[in-house]
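Enquirer: No letters, just coordinates:
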Ligand SMILES: Cc1ncc(COP(=O)(O)O)c(C=O)c1O
């Protein structure tokens, strides 16, 4: 049985794209109640915060003094993108908040970045490899673009044991996000794509950059030529496929970021059948597979027939705290073929040889350590820690009477604020509690009315955040 199948834990989050108007014209809740909260500051003082209207973000195209311009025209696809990528914008707002309240103890439960130290067993392996690089015998330069043979084999046997995935099907990378963009390069600009709505923003943004989409339509907050598969509490966060138009590529993330929901075996079977009927390729993102506690598939390849219609991308980021180390992988089965019969994996291999030079050898040593019995145990402990955080957050919002989704199979909690603008809720929470969350609408129009609360945080911070949420919403 593979590790993905064995993993016993909780679960994860989502992504987004920002509508021009939601980005720059966010209406802060000027009607904010005069609610005051006592927040402990870094200097152990108590800072009394009174709700106030935050300063508006800078205007989008403020004319700067231009001294010189090149004659190169801007990539029109870049111009289609709506404002910045979601998470840098949140970081910008956090920085502005910290300037306003320099003594506040700001708690970050926004961007899904890990906070706990990498287990020493794993860093020791990386340190050893780093030191070996200073010796004649241990030095190595460029490695195979597809990854070290031993690591590819270990990923195949650990996560896909018994599923017919082999060493050569694995492409080791510097992370799932980077692979998402390389996959877009592989597909080119003439494909159509579908995404869950809401979804991790990298799928849509990379699709826009590749030129697969039309312009952003402000009335519906969607890009033209993308099929948005709405995922709501009403449909159990699994799209009604009878209403989904055929596309070439279907991005599907489970456990999902941001909703924290996970698709069942039966739902994924339907998705695979849908792809097969339409001749589509599923790009399955299993970056949170190890957070699954239910008996749902950890990999799309657990579904019969998936190897002919799906590839999968995954990552050590959220399992071992590798968000900074950078290590992930993509699985492309040899059975996956383009319409002319050419293997998708062969083209992807060509892409990684052109656009990538292989993952860092030090990071790969870390990856190998992760997949030893001791490393796997350490990763499960890391995941288990965040799962406990998730439970604290879920319990907090439930006790306050909110409808709360996710959290069982993912490190993300999806909290419903019906009828409210999620940027307003984000701003109110930040202003009144100094907690950074993520506005649901940043993950697509289907995220409006929700906020995502990430369970990646130190335990003390999560407990403190729970207290502040209780004060705010009691
Ligand atoms: C669904 C999903 N896929 C991919 C990634 C990126 O992972 P990596 O750090 O491996 O690039 C994230 C990061 O938050 C994510 O949420």
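Expert: Now that the structure is in, tell me what you want to look at. Just so you know, these numbers come straight off a predicted model, no measurement behind them.

Enquirer: Can you point out the helix or strand that includes residue 374?
Expert: Assigned by DSSP states H and E, residue 374 belongs to helix 373-399.

Enquirer: so does that helix get close to the ligand?
Expert: No - contact of helix 373-399 with the ligand (C-beta under 6 Å from any ligand atom) is absent, the minimum separation being 12.8 Å. (Each C-beta comes from the backbone N, C-alpha and C, glycine too.)

Enquirer: same check, this time on stretch 401-413
Expert: No - Stretch 401-413 lies apart from the ligand when judged by C-beta under 6 Å from any ligand atom; the minimum separation is 8.4 Å.

Enquirer: Quick check: mean pLDDT of that stretch?
Expert: The pLDDT scores in stretch 401-413 average 97.

Enquirer: for stretch 168-185, same thing?
Expert: The predicted model gives stretch 168-185 an average pLDDT of 98.

Enquirer: end-to-end on that stretch?
Expert: 21 Å (C-alpha to C-alpha, to the nearest Å).

Enquirer: That one: how far from the chain's middle?
Expert: Offset of stretch 168-185 from its chain centre (C-alpha atoms, centre = their mean, to the nearest Å): 14 Å.

Enquirer: so, in contact with the ligand or not, it?
Expert: Yes - using C-beta under 6 Å from any ligand atom, stretch 168-185 comes into contact with the ligand via 175-178.

Enquirer: Next, give me the two most distant ones among these.
Expert: Largest separation among these by C-beta to C-beta: 176 and 178, giving 7.4 Å.

Enquirer: Comparing these two, which residue is more hemmed in?
Expert: Neighbour count, other C-beta atoms under 10 Å: between residue 176 and residue 178, residue 176 has more, with 25 against 19.

Enquirer: In a strand, residue 195, correct?
Expert: Yes - secondary structure of residue 195 (DSSP: H, G, I helix; E, B strand; the rest coil): part of a strand.

Enquirer: re earlier: need the contact partners of the helix or strand just after the helix holding residue 374.
Expert: Sequence order places strand 404-406 as the next helix or strand after helix 373-399, per DSSP H and E. Strand 404-406 is contacted from outside by 11-13, 233, 237, 255-256, 258-261, 394, 397-398, 412-416, using C-beta atoms under 8 Å, 6 or more residues apart in numbering.

Enquirer: What separation do you get for the nearest residue to residue 425 once chain neighbours are set aside and residue 352?
Expert: Closest residue in space to residue 425, ignoring its immediate chain neighbours: residue 417 at 4.9 Å, by C-beta to C-beta, 6 or more residues apart in numbering. To residue 352, residue 417 is 42 Å away according to C-beta to C-beta, to the nearest Å.

Enquirer: What residues does the residue lying closest to residue 323 once chain neighbours are set aside make contact with?
Expert: Of all residues not flanking residue 323 in the chain, residue 317 sits nearest, at 4.6 Å (C-beta to C-beta, 6+ apart). Neighbour list for residue 317: 114, 175-176, 287, 323, 326-328 [criterion: C-beta under 8 Å, 6+ apart].

Enquirer: can I get the residues you listed in CSV with secondary structure?
Expert: Listed next are these as CSV, based on three-state DSSP:
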residue, secondary structure
114, coil
175, coil
176, helix
287, coil
323, coil
326, coil
327, coil
328, strand
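
Enquirer: Make CSV out of those residues and add distance to residue 90.
Expert: Listed next are these as CSV, based on distance: C-beta to C-beta, whole Å:
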residue, distance to residue 90
114, 16
175, 19
176, 20
287, 19
323, 15
326, 21
327, 25
328, 22
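
Enquirer: Now that residue 466 has come up, it's in contact with residue 392, right?
Expert: Yes - under the criterion of C-beta atoms under 8 Å, residue 466 makes contact with residue 392 at 5.6 Å.

Enquirer: Kindly point out which residues are neighbours of both of residue 176 and residue 178.
Expert: By C-beta under 8 Å, 6+ apart, residue 176 and residue 178 have these common neighbours: residue 328.

Enquirer: What's the mean pLDDT across stretch 279-287?
Expert: 98.

Enquirer: quick one: contacts of it?
Expert: 4, 12, 176, 180, 183, 194, 200, 203, 246-254, 257, 271-272, 274-275, 298-300, 306, 309-315, 317-318, 328, 336, 339, 344.

Enquirer: out of these, which are inside strands?
Expert: Judged by DSSP state E, those include 194, 249-253, 310-315, 328 as members of strands.

Enquirer: Let me see the contact set for residue 150.
Expert: Residues in contact with residue 150 (C-beta under 8 Å, 6+ apart) are residue 368.

Enquirer: Surely it is in a strand?
Expert: No - using three-state DSSP, the assignment for residue 150 is helix, not a strand.

Enquirer: For it, give its distance to the ligand.
Expert: For residue 150, the distance to the ligand equals 20 Å [C-beta to the nearest ligand atom, to the nearest Å].

Enquirer: Mind pulling up the pLDDT for that residue?
Expert: We have a pLDDT of 98 for residue 150.

Enquirer: do the same with residue 99
Expert: We have a pLDDT of 96 for residue 99.

Enquirer: for the one 5 residues further on, same thing?
Expert: As predicted, residue 104 sits at a pLDDT of 96.
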